[in-house]
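Chemist: Quick one, fold the following:
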Amino acid sequence: MTRMHTRLIVLQIVVVSLIVILVVRLWQVQVVRGREFVAVATETRTREVVVPALRGQILDATGRPLVRNSTSLVVSVDRTTLERLPDGGTAVLARLSKVLGMSPEKLKQQIRACGPGVSRPCWPGSPYQPIPVASRIPQRQALQIVERQEDFPGVTAEIQAVRDYPTGRDAAQVLGYLQPVTQSELEKREGLKASFSGVDLVGRDGLEAVYDPDLRGQAGLRRVQVDRMGKQIAVEQPRSPVTGDTLVTSIDARVQTIVEKALSEAVKSVGSDGGAAVVLDVKTGRVIAMASLPTYNPAVWSGGISERDYQHLLSKKSGKPLVSRATNGTFAPGSTFKISSVSAMVADGSPLHGTYECPSAYNVAGRAFGNAGGMSLGSISLHTALVKSCDTVFYRAGYEQWQRDGGNKPKGKVKEPMANMARAYGFGRRTGIDLPGESPGLIPDRSWKLNLWKATKEENCRRAKTGFPEIKDEGRAAFAKRLANENCLEGDIFHAYEAANFSIGQGDVLVTPLQLARAYAALVGDGKVRSPRIGWALFRPDGTLDKEVKVPVVGKLPISKETRDYIRKALSEVTSDGTAAGAFRGFPMNEVRIGGKTGTAEVWGKRDTSWFASFAPAENPQFVTVVMVSQGGFGAETAAPAARKIWEGIYGLGKDDNGKQRKAALPSGHPVERLPVIRRDGTVAR
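Modeler: Numbering: from 1, shown residues only. Below is the predicted model of the structure:
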C-alpha cells in the first residue's frame, strides 16, 4: 500500500510539473513572445506575388506596329519546387513531357542554368524564377496541367504576353530582343527585385535595351493568403501593374521594307558577305530606315533559343547576324570620304575656286599613286575633282599637308588639317545614337600611330624574327614578316603614303555607314552635326505624351555655307555626269534630282567595298541615303543601283516588278512630321 501511495504521489508531481511547464510555455508563447509568433504565423500564411506589367509596344512614325504583344498559353516550371521532391522532379518532368510532346531530356536542358560549358537550350535567368519551357500551347494541353495540379507540382500554365514582330526580319538589329533577367542583375540592382516578376524579360539589344525602363512598365503586387496546406484563402492586390510606355520611332515601315529589299538584292547580286543601308532625315537627324545584312528573325528568342540558332547568330561563318553593320561595322569609306578632304583643303588655305592638276599618277615620297583606271584630266576645279573622283588631286593635297607638318620628323604642335576636319564631320567617334554597342570607327593620325606602336612593338619585333609560319601562302607570309620588321623599327612614324591614303578614305580610315550618313546630312543640311535618334516619343498607357526624344546637336562643320553649297552642287552632278551616271541612266532627274558620291574601297585579301552616299532632292535635301555592300566591287556597280531603288521607292518613280507604277512610300516627299495620335485604350487613330 505504501509503495502504491508513493507511485501516486510521484505521478501527481509529474502531472503537476507538466501542467506547470505547459502553462509557463503558453504564457511565454502568448504573452512574452506573442507578437513575434503572430507576425511569423501571418508571414507564413501570406505570399507576395509580383504581377508582371504588359510591355509597351514599339511603333513606326505613322503608328504601324514594329513590335507588339500577343497573348499565349505558356507552361513554366519552378525548378526550386522540383528539387525539393524526393526524385528531384524526374517523375513530374516525365509526365509533363507526355503532355507537351517533348522529351524529358529536352525539358531538363531547358531548366538547367546557363554557364561556362553549358550549351543551349538552358535558362539564363534567375534560378528562383519560373522557367518557361513551352509557349503557344493548345488550350487542351494547358487544361491537362491545370486540372491535375497534384500530378504537376511546380508546373503552371498561364496566359502571358509574348513579343510579336509583324514586320518579320525588318530592322531586327534596331529593334533588339528580350531575355530573362539574371540572378546576378537582381543581386547587383536591388531595385529590380521589386520591378520584376518571375516571368519578366529584359531588353538585351537595340531599342528594347535602350528604352527598357520605359517599355517595361511597373510591376503590380498581389498578396495571397494560404492555409497550412497551401490552399488559397484570400487575395489582396495593393498595387495593380502599370503597362509600359509605347515607343514611337522615326522609322517608317514602308521605307524600311524598301531599303531591306534593295540591300538584299544588291548583296545577292554579287555574292557579298553583308551590307548596310541608312536613310536619315536631313532636317532633324532622325533615322527613317536602317538595315543590316545578314539579318535574322527576332522571334527566334521567344520561348527560349536553341543552341543551333544561338550559335548561328554568333557565328563568323554566318556573318554574325546579331551584329549591326550599320552601327557596329567599320569599313574604309573610299571616295565618299572626299567631302571631308575637300573641306580640309579649303579650310587650310586652298582656293575653293582654284585650278588643280589631275595627272594619271602622283609621286608621294618616291612612290607613284595612280588614278583609278589611269585617267588624266589635266587642269580641273575641285568641282570636277569630286564629280569625276580624281584621286591624284587629293593625294597631292594630303602629301603637301603632311610635309607642312614636318613629314617624318614633325616639330612642335602639328596641324593635321585632314584628320581634324574628319573629326569635325563626326568620324572617329560614336554618333551617340540610341542603340547599344556602337563603334567609334578610326581616324588615324600621328598620335594614334605612336600609341599603336607602343602597344604592338614587342609583338612586331618578335614576328620580325620568327615570321608567320601559320600563314600557308608564302607570298603573304613574307609580306607580313617584312611589315612586322618595318613596324618594329619605325612603327611610330606616320608616313607620307599614309597621309596620301587618308585623303581618299583608304589606309587605316574606318567609318560606319551611320557615321557617313550623318556627315552627309550635316554637309547638305544646315552644317550642324547631330547625334541621330530612332526613338521619337514615349506615350503613357492612356495615350498621353510622356516625353519626346530630342535630337542633340553635337557639333558644327568648320566651313562656310559657300563651301558647303559648292560641294553639294558638285555632288549633284555625280549622278548625271560623274561616276554614278551609269547607275542612274534613265532616272527622272526632272522630277527628283539625286546627288551623291560613289566609293570603292580596297580591302586586303578581299574584293572592294562598294559605297554610295546620296541625298535628295539635290537643291533642297530632305533625305540622305547611304548604301554599303561588303565585297561589292565598284561603288557605281553595286551600291549606287541599290540606292537608286531606294529613291524610286521613296518617291514612287518608275515601274515595280509587276510593271505597274510604283506607289510612293512618302507621297509628300517629306518625312512624317507629326506624331501619331494614341487613343486612351492604346490603339492608334488613323
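Chemist: right, and the helix or strand after the least confident helix or strand in the chain by mean pLDDT?
Modeler: Sorting the helices and strands of the chain by mean pLDDT, DSSP states H and E puts helix 190-195 at the bottom, at a mean of 53. Sequence order places strand 201-203 as the next helix or strand after helix 190-195, per DSSP states H and E.
Chemist: Quick one: distance of the next helix or strand after that following strand to the chain centre.
Modeler: Remark: after strand 201-203, the chain's next helix or strand is helix 206-210, criterion DSSP H and E. Its chain's C-alpha centre and that of helix 206-210 lie 8 Å apart, by C-alpha atoms, centre = their mean, to the nearest Å.
Chemist: Helix 206-210 - contacts with which helices or strands?
Modeler: Here helix 206-210 touches helix 172-175, strand 201-203, going by 3 or more C-beta pairs under 8 Å, 6 or more residues apart in numbering; DSSP states H and E. Every residue, glycine included, has its C-beta placed from N, CA and C.
Chemist: rerun at 10 Å
Modeler: strand 58-59, strand 65-77, helix 172-175, strand 178-180, strand 201-203, helix 212-216, strand 246-249 (3 or more C-beta pairs under 10 Å, 6 or more residues apart in numbering; DSSP states H and E).
Chemist: got the contact list for the shortest one?
Modeler: Among residues not part of strand 58-59, those counted as contacts by C-beta atoms under 10 Å, 6 or more residues apart in numbering are 65-68, 163, 165, 171, 174-176, 206-208, 211, 215, 246-249, 251, 253, 534-537, 539, 675-676, 678, 684.
Chemist: Quickly run through the sheet partners of it, with directions.
Modeler: Paired with strand 58-59 in the same sheet, following DSSP bridges, are strand 65-77 (antiparallel), strand 246-249 (parallel).
Chemist: Outline the domain layout of this protein.
Modeler: 47-249, 253-294+307-332+513-532+556-651, 336-503 (automatic domain parsing).
Chemist: so how far does the last one reach from one end to the other?
Modeler: This means domain 336-503. Taking C-alpha to C-alpha, to the nearest Å, domain 336-503 runs 11 Å from one end to the other.
Chemist: tell me the mean pLDDT for that domain?
Modeler: For domain 336-503, the mean pLDDT works out to 95.
Chemist: Next, count neighbours for S97.
Modeler: By other C-beta atoms under 10 Å, 17 other residues sit near S97.
Chemist: In the stretch 201-350 of the chain, where is pLDDT below threshold?
Modeler: For the stretch 201-350 of the chain, residues meeting the criterion pLDDT under 70 lie at 222-237, 303-304.
Chemist: For it, just list every one of the helices.
Modeler: For the stretch 201-350 of the chain, the helices defined by DSSP state H, counting those that start in this stretch cover 206-210, 212-216, 253-270, 307-314, 338-347.
Chemist: Quickly compare the domains of the chain and say which is most buried.
Modeler: Ranked by mean neighbour count under mean count of other C-beta atoms under 10 Å, the domains of the chain are led by domain 253-294+307-332+513-532+556-651, which reaches a mean of 22.
Chemist: Between the two ends of that one, what distance do you get?
Modeler: Domain 253-294+307-332+513-532+556-651 end-to-end distance (C-alpha to C-alpha) = 15 Å.
Chemist: picking that back up, just put the domains of the chain in TSV and tack on distance to H670.
Modeler: What follows is the domains of the chain, written out as TSV (distance: least, C-beta to C-beta, whole Å):
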stretch	distance to H670
domain 47-249	11
domain 253-294+307-332+513-532+556-651	6
domain 336-503	22
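Chemist: re earlier: for the helices of the stretch 201-350 of the chain, give me CSV that also has distance to T563.
Modeler: Compiled in CSV, the helices of the stretch 201-350 of the chain are given as follows (distance: least, C-beta to C-beta, whole Å):
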stretch, distance to T563
helix 206-210, 36
helix 212-216, 41
helix 253-270, 31
helix 307-314, 45
helix 338-347, 5
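Chemist: Which among these is found nearest to G649?
Modeler: Proximity to G649 (C-beta to C-beta) singles out helix 253-270 among the helices of the stretch 201-350 of the chain, at 3.5 Å.
Chemist: hang on, T81 packs against L93?
Modeler: No: shown here, T81 and L93 do not form a contact pair, counting by C-beta atoms under 10 Å, at 11.9 Å.
Chemist: Compare the strands paired with strand 58-59 and say which comes out lowest on pLDDT.
Modeler: Among the strands paired with strand 58-59, strand 65-77 scores lowest, with a mean of 87.
Chemist: Spatially nearest residue to the most centrally placed residue in the chain, not counting backbone neighbours?
Modeler: Per C-alpha atoms, centre = their mean, the C-alpha nearest to the average position across the chain is that of G206, at 4.2 Å. Distance criterion C-beta to C-beta, 6 or more residues apart in numbering; nearest residue to G206, sequence neighbours excluded, is G176 at 2.3 Å.
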